[in-house]
Structure formats: structure tokens, C-alpha cells
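*Asks:* sequence-free structure coming up:
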């Protein structure tokens, strides 16, 4: 059904139309979340080509598709390709977006988690700390994206046996949960 909607959108609006490209992004994201990374990959590659041609290589939607493709490569354990794309995407987003935009924080977080999976703990820590700063400023400490960065830091410090730092970040999670529970 979603694929049929995408075909209609393409036929009606054109292959390089912003709404068509956003539809590709959302359909590919759905495929990734439902463990169909191969289908997502094909859609995203097509979407990046369309977006680059119609909107430009540095357009936000093109960069978002690049980030999603990096996520797909990470899910498929193609870590070097994911690493390259996260770096490229982050560079583009830093030019196209304000420094504290949540999408920059998301790329930093995803890249930090990827680097941790590659056992690059120093680089991972830098990325995850930067991700937390950006996401906390953009969305607040209780937002799921920010909390995901905190979970990444807890995981990092648990793996490096830095129990004190892990406890500090775990505390941020539990104190925010307690605060949110009492806001009702």
C-alpha cells in the first residue's frame, strides 16, 4: 500500500518533488524499522539520486536520506561505509543547519554508537558527548532522542569499565524519569 502511494505521488508530483522525496524517506524508514534493510537501502539510494538532482546535494532532505542510508549500512554491519556516510552527512548538516539542530545531534549520536561498535571508544565518547549537548539544548533532557544519547554514554562507560561515569549518566536517566513521573 505504501509503495503504491509512492508510485502515485511520483506520477502526480514528479520524481524529484519534495513531497515525493519525503515519502521515500518515510517508507525507507518504515522498512528499516521492520527489519527490511535491503528494501530500505534500494529506496534510499534512489531517493538520494532524486533529491540530489531535484533539490541539491546539500539540501536537508538529501542529507536526511544520507543519514538514513548510514543507519541502514550500520544495521547491515557495513560499518566502514556507514562511518564514511555519517562523516559526510555531518559535514553537510553543519553547513546547512544551525549548530544546535536536533538532526545534527542525531547524526552525532548514531555515529558515536557506530564508533563504539568499532571499538573506537575515544572517538565514540566525543561524538556521544557532543550529541548529548546538542540534543539536550534542542529538545531537552527528557526527550527520547536525548535519552538515547545518554543510554549510548552509559553503554560506552560500562564497556570501558568507567563505573563512575556510567553511574553519573545513569543518574541523569533516573532523575529525569522521576521528574517526568511527578509532572502529571
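*Replies:* That came through fine. It should be emphasised that the depicted structure is a prediction, and the values quoted were computed from it without experimental measurement.

*Asks:* which stretches of the chain form helices?
*Replies:* Under the criterion DSSP state H, the chain contains helices at 2-13, 18-33, 37-54, 60-75, 79-96, 102-117, 121-139, 144-159, 163-181.

*Asks:* mean neighbour count and mean pLDDT for the ones you listed - can I get that in JSON lines?
*Replies:* Glycine gets a C-beta too; all of them are placed from N, C-alpha and C. What follows is the helices of the chain, written out as JSON lines (neighbours: other C-beta atoms under 10 Å; pLDDT from 0 to 100):
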{"stretch": "helix 2-13", "mean neighbour count": "13", "mean pLDDT": "76"}
{"stretch": "helix 18-33", "mean neighbour count": "19", "mean pLDDT": "88"}
{"stretch": "helix 37-54", "mean neighbour count": "19", "mean pLDDT": "92"}
{"stretch": "helix 60-75", "mean neighbour count": "23", "mean pLDDT": "95"}
{"stretch": "helix 79-96", "mean neighbour count": "17", "mean pLDDT": "97"}
{"stretch": "helix 102-117", "mean neighbour count": "23", "mean pLDDT": "97"}
{"stretch": "helix 121-139", "mean neighbour count": "20", "mean pLDDT": "97"}
{"stretch": "helix 144-159", "mean neighbour count": "20", "mean pLDDT": "96"}
{"stretch": "helix 163-181", "mean neighbour count": "13", "mean pLDDT": "77"}
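
*Asks:* quick one, what contacts the closest residue to residue 24 other than its chain neighbours?
*Replies:* Once flanking residues are discounted, residue 24 sits nearest to residue 47: 3.7 Å by C-beta to C-beta, 6 or more residues apart in numbering. Neighbouring residues of residue 47 by C-beta atoms under 8 Å, 6 or more residues apart in numbering: 21, 24-25, 28, 65.

*Asks:* hmm, 6 Å instead?
*Replies:* For residue 47, the contacting residues are 21, 24, 65, by C-beta atoms under 6 Å, 6 or more residues apart in numbering.

*Asks:* just residue 96 next, same as before
*Replies:* Under the criterion of C-beta under 6 Å, 6+ apart, the neighbours of residue 96 are 58, 60.

*Asks:* gap between it and residue 37?
*Replies:* Residue 96 sits 26 Å away from residue 37, taking C-beta to C-beta, to the nearest Å as the criterion.

*Asks:* same check on residue 50?
*Replies:* In this structure, residue 50 and residue 37 are separated by 20 Å, where distance is defined by C-beta to C-beta.

*Asks:* now residue 31
*Replies:* Applying C-beta to C-beta, the value for residue 31 to residue 37 is 7 Å.

*Asks:* same thing with residue 168?
*Replies:* Taking C-beta to C-beta, one finds residue 168 at 34 Å from residue 37.

*Asks:* residue 175 too?
*Replies:* Residue 175 sits at a distance of 36 Å from residue 37 (criterion: C-beta to C-beta).
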